[in-house]
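Asker: Build me a model:
(one chain, ligands or ions: 1)
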Amino acid sequence: MTTTTEYDTLVEQTGTIVERSPGSSRLRVRAATPEDAPAMCTILEGDQVLDGTLRIPHTTEASTTESLRQHANQQVLVAVDGDEVVGMLVLVTHLEAPRFHHVAHIDLVATHEDHRHRGVASLLIRSVIDMAEQWMAIERLELIVFAGNEGAIRLYRRLGFEHEGTMRSYAFARGRYTDAHIMARLTSTNRPSTTS
Ligand SMILES: CC(C)(COP(=O)(O)OP(=O)(O)OC[C@H]1O[C@@H](n2cnc3c(N)ncnc32)[C@H](O)[C@@H]1OP(=O)(O)O)[C@@H](O)C(=O)NCCC(=O)NCCS
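Answerer: All right, here's what the predicted structure looks like:
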């Protein structure tokens, strides 16, 4: 069993995601399909998802499914462990906007409540960083995270996202307004330096 500190060191040294328990099944990321909708709705009903996102309680499965549809400017990825969908990520792009098509927004990341702390979200975000930076010519990958969501903020920082500012009273949650941080990762800043 790898401890969290050992895990972070391994990720830093190798740049790869490692399984917590050697021999456990491997996680992988793929595009979501319409058949994944019920599993994604289950993830979004999970613990802490309301607190970490802009979802509304008692959202119908039909409207959630509609919001998760793949289209030209929305890529939905899932992390699967064997056949089970254990995490999801929504990336929003602006591909037809002449002066803005280099910007993409991570709109939602969530891991099934039974599969947290084993690298599911890290794997999804690394996959989307690779897709955006290496294949879609995205220069700026951005996201918004609520000020109290410390676990998510740590995760984003570890993956190269920097805090750019705090938006006061950005959203309403548990009866009060809450601040949110804007964080971004710039491809040019994170490009590995080449030695000549
Ligand atoms: C935030 C969220 C997506 C994180 O998902 P996750 O899959 O648990 O994330 P990871 O497993 O990649 O990383 C979480 C922690 O587990 C640790 N970890 C990951 N893999 C590990 C492993 N194999 N062994 C030991 N520790 C591991 C990470 O280092 C990290 O530690 P930290 O909290 O001390 O920084 C999840 O908690 C969630 O769905 N929350 C509700 C929705 C939400 O708030 N989304 C974010 C909106 S901005």
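Asker: wait, Ser169 sits on Ala180?
Answerer: No - look at Ser169 against Ala180 with Cβ atoms under 8 Å: they stay out of range, at 9.1 Å. Glycine gets a C-beta too; all of them are placed from N, C-alpha and C.
Asker: more crowded one of those two?
Answerer: A count of neighbours by other Cβ atoms under 10 Å puts Ala180 above the other of Ser169 and Ala180, at 21 against 10.
Asker: From His105, how far off is the closest residue to Tyr170 other than its chain neighbours?
Answerer: Of all residues not flanking Tyr170 in the chain, Ala180 sits nearest, at 3.7 Å (Cβ to Cβ, 6 or more residues apart in numbering). Ala180 sits 13 Å away from His105, going by Cβ to Cβ, to the nearest Å.
Asker: And Ala152, by the same measure?
Answerer: Distance of Ala152 to His105, given as Cβ to Cβ: 15 Å.
Asker: what's the answer for Arg174, then?
Answerer: Arg174 is 25 Å from His105, by Cβ to Cβ.
Asker: Looking at those two, which is more packed in?
Answerer: More crowded of Arg174 and His105, by other Cβ under 10 Å: His105, with 18 against 7.
Asker: which residues does the more buried one bridge with?
Answerer: Val92, Glu142 (DSSP bridges).
Asker: Backbone torsions only: list them for Gly119.
Answerer: phi 90, psi 10 (degrees, to the nearest 10).
Asker: How many neighbouring residues does it have?
Answerer: For Gly119, using other Cβ under 10 Å, the count is 23.
Asker: Test my guess that it contacts Arg28.
Answerer: No - assessed by Cβ under 8 Å, Gly119 is found out of contact with Arg28, at 11.8 Å.
Asker: Good, we can wrap up now.
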